[in-house]
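1. let's see this in three dimensions:
(one chain, ligands or ions: 1)
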Amino acid sequence: MKIAICPGSFDPVTLGHLDIIERAAQLFDKVIVLVMTNSAKQHMFTAQQRTDFLKRCIHLDNIEVDTYGGLLVDYAKEHNAVAIVKGLRAVSDFDYEFQLALINKSLYPKMETLFLPAKGENMFLSSSMVKEVGCLGGDISSFVPGEIKEDIYKRCKGDK
Ligand code: ADP
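-> Predicted coordinates for the structure are as follows:
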């Protein structure tokens, strides 16, 4: 069974993330969406909330959601994953993602990183943009799954 991991902070999950995750699920037998904590970012939602949001929005049998606080390659080894699948938006994603792919390759040579190009309409969509628009009262319906829209507005108003 070929297993791939889609890692990210998903703070919160957007339609851009979901597109990449669902496309990965067509290429692999199983996809694990791995919610990680990025120490360089201040997260709006806890890892538990980000995981719950993903679980609510994913309806395919071969996709699982998990949370991990350690090194991605250690998780991949433990779960026999053969690939990491990431979405690439504009050129600005490339430097960072390429660097990560090279580091992961040197830490765990058996694993590959695959990049899927973002769909045109998701090219400029990011979790930070969703938070900014949502907290200013803008319409985020075409950016995030309907299942979590109200949770974002509530959090913007200060609810935990
Ligand atoms: P962000 O960069 O928005 O904080 P994450 O760290 O959660 O997002 O990203 C997880 C993965 O999803 C990364 O590979 C990132 O490039 C990809 N991704 C993020 N937004 C999009 C999008 N709009 N379309 C395609 N892929 C995306």
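
2. mind listing what's buried in the strand ranked longest in the chain?
-> Ranked by number of residues, the top strand in the chain under DSSP state E is strand 81-88. Using 16 or more other C-beta atoms under 10 Å as the test for burial, strand 81-88 gives 81, 83-88. Every C-beta, even on glycine, is put in place using the N, C-alpha and C of the backbone.

3. relative to strand 81-88, how tilted is the helix or strand hosting D95?
-> Using DSSP states H and E, D95 falls within helix 91-107. Between helix 91-107 and strand 81-88, the angle formed by their directions is 160 degrees, by axes from the mean of the first three to the mean of the last three C-alpha atoms, to 10 degrees.

4. list the strands paired with the helix or strand following helix 91-107, with their directions.
-> Under the assignment DSSP H and E, the closest C-terminal helix or strand after helix 91-107 is strand 112-117. Strand 112-117 has the following strand partners under DSSP bridges: strand 81-88 (parallel).

5. who's in contact with the strand it pairs with?
-> Defining contact as C-beta atoms under 8 Å, 6 or more residues apart in numbering, one finds that strand 81-88 is touched by 2-8, 16-17, 19-20, 24, 27-28, 31-32, 72, 75-76, 93-94, 97, 101, 104, 110-118, 122.

6. for the chain, which residues are neighbours of the ligand?
-> By C-beta under 6 Å from any ligand atom, the residues of the chain that approach the ligand are 8-10, 14, 16-17, 20, 86-87, 89, 93, 118, 122, 125-127.

7. which PyMOL command selects the buried ones in those?
-> Buried members of the residues of the chain next to the ligand, defined by 16+ other C-beta under 10 Å, are picked up in PyMOL with:
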select buried, resi 8+9+10+14+16+17+20+86+87+89+118+122+125+127
